[in-house]
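**Student:** Take a look and give me a structure for this.
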Amino acid sequence: MGIYLFIYLWVASLTFVYFELTEKYRKQLKIAFYLLIIFLIFVTILRREVGTDYETYLRIYENSPTLSQFFRKPFNGVIEPGYSFLNVIAKISSLGFPFVSFVCICLILYNYHAASRHFNLNFYLVFLTYVGLYFFSHNFNVIRHGVATSFIWHSFSLLVNKNNKKNSIALLVISSFFHYMSLLFIPFLWIMNKKISYKIIIGTLVFSIFLILTKLDLVTKVLDYLFYWSPKYQFYKSVYYINVGAEGNYGIAMGVIFNLLLIFSLIIVKARENTSKSSSDVNKIIFNGFYFSLLFLLLLSFNGVFAERIGGVFYVSLIFLLPLIFKMYFDERKVRFLFSMIFVLYIGMYYFKGISVKEADGEYQYLPYKSVINLNG
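**Tutor:** Below is the predicted model:
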């Protein structure tokens with residue numbers, strides 16, 4: 001737990017300092033942020049046997065084909081060609097699995113930095129939020145999913161003002177080389193920067209809660225009908241669920257309840273504020289992403305893996321939503337400290353819950369941290 005606590009205290013300290021400074025002096029925190037990024041990169045690439053899928057990803061690397069074998073059948077197997085090619089390069093170059101982890105984390109950081117720039121949000125605050133909510137999950141566990149998610153949000157960010165769908169689609173295609181599910185998000189490019197009626201948002205969320213409370217798993221029946229032909233769907237539904245104990249949640253997690261309260265509060269605030277303030281593309285894209293995250297997490301709550309793959313992508317909207325809330329409503333000195341306290345407690349709740357997750361056999365996914373150089377001493 002020691003190294004995880006150290007990272008959280010580093011994040012919390014930077015957060016408090018960030019909120020207490022004006023925009024002019026926040027730029028002077030660059031060194032501290034860069035040191036945190038470098039430290040997290042080393043923690044990622046030097047880990048050993050940490051994360052549920054660590055052994056799986058290590059086997060992917062060890063079983064990588066030769067370069068000629070890869071080019072003969074780049075789409076052969078269940079591993080996407082982009083991630084497979086990365087492993088091929090690492091293996092034939094004798095750079096090892098840490099190189100694969102290094103490239104993946106660099107891609108993730110690049111995409112979120114680009115998205116922050118397009119959303120006109122401070123990347124450092126976005127990054128601190130990302131570390132608190134998703135860093136270990138995306139870099140220690142569902143690595144391909146983590147890379148793809150960053151590409152997807154980079155794609156969404158291109159819709160700001162320019163409405164650049166061609167480049168957005170191109171990014172989703174690139175993303176699909178790390179995870180095929182990325183292609184499912186192409187239709188959302190025509191929705192993300194549109195204003196969705198608050199009545200529709202509230203109605204669909206309430207209906208989704210009703211389905212859970214009455215255990216009417218209509219969505220699974222629809223998915224079974226649409227994807228009966230897909231071996232990968234059948235694998236996740238019939239094999240993966242059983243192995244990881246994720247057949248279904250049949251309930252609403254506390255985090256979802258908290259975020260339902262947050263979105264209803266935001267609807268009340270947005271309904272009362274100046275229309276031009278809440279109707280920007282940035283505001284709509286991030287808010288819609290947050291809405292879709294809750295909608296799909298509720299609708300897919302009977303399908304643990306699918307809730308993670310679809311709802312989990314939209315849930316990353318939180319790393320942009322929290323900085324956006326600060327920028328719009330709390331960037332005044334008299335309320336900064338209050339927001340910083342709420343912010344640190346909020347990400348702390350997710351952070352410590354995340355690193356304390358257990359596998360089906362009762363073992364912790366991320367604890368204890370183990371490294372090839374033993375950072376815990």
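**Student:** Quick check: Lys195 is in a helix.
**Tutor:** No. Applying DSSP: H, G, I helix; E, B strand; the rest coil, one finds Lys195 to be coil, outside a helix.
**Student:** And it, how far from Glu80?
**Tutor:** Distance of Lys195 to Glu80, computed by CB to CB, to the nearest Å: 34 Å. (Glycine included, C-beta is placed from N, CA and C.)
**Student:** Who has more neighbours out of these two?
**Tutor:** The neighbour comparison of Lys195 against Glu80 (other CB atoms under 10 Å) goes to Glu80, with 22 against 12.
**Student:** hey, C-alpha coordinates of the helix or strand hosting His113 in PDB?
**Tutor:** If you go by DSSP states H and E, His113 is part of helix 97-119. Extracted in PDB, the C-alpha atoms of helix 97-119 (Å, rounded to 0.1, in the frame of the first residue of the first chain):
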ATOM      1  CA  PHE A  97       7.400  -6.000 -22.200                       C
ATOM      2  CA  PRO A  98       8.300  -2.800 -20.300                       C
ATOM      3  CA  PHE A  99       8.700  -1.100 -23.700                       C
ATOM      4  CA  VAL A 100       5.100  -2.100 -24.600                       C
ATOM      5  CA  SER A 101       3.900  -0.500 -21.300                       C
ATOM      6  CA  PHE A 102       6.000   2.600 -22.000                       C
ATOM      7  CA  VAL A 103       4.500   3.100 -25.500                       C
ATOM      8  CA  CYS A 104       1.000   2.600 -24.200                       C
ATOM      9  CA  ILE A 105       1.300   5.100 -21.400                       C
ATOM     10  CA  CYS A 106       2.800   7.600 -23.700                       C
ATOM     11  CA  LEU A 107      -0.100   7.200 -26.200                       C
ATOM     12  CA  ILE A 108      -2.500   7.700 -23.300                       C
ATOM     13  CA  LEU A 109      -0.800  10.800 -22.000                       C
ATOM     14  CA  TYR A 110      -0.600  12.300 -25.500                       C
ATOM     15  CA  ASN A 111      -4.300  11.700 -26.300                       C
ATOM     16  CA  TYR A 112      -5.500  13.200 -23.000                       C
ATOM     17  CA  HIS A 113      -3.100  16.200 -23.400                       C
ATOM     18  CA  ALA A 114      -4.500  16.800 -26.900                       C
ATOM     19  CA  ALA A 115      -8.100  16.400 -25.700                       C
ATOM     20  CA  SER A 116      -7.400  18.900 -22.800                       C
ATOM     21  CA  ARG A 117      -6.000  21.400 -25.300                       C
ATOM     22  CA  HIS A 118      -9.100  21.100 -27.500                       C
ATOM     23  CA  PHE A 119     -11.400  21.400 -24.500                       C
END
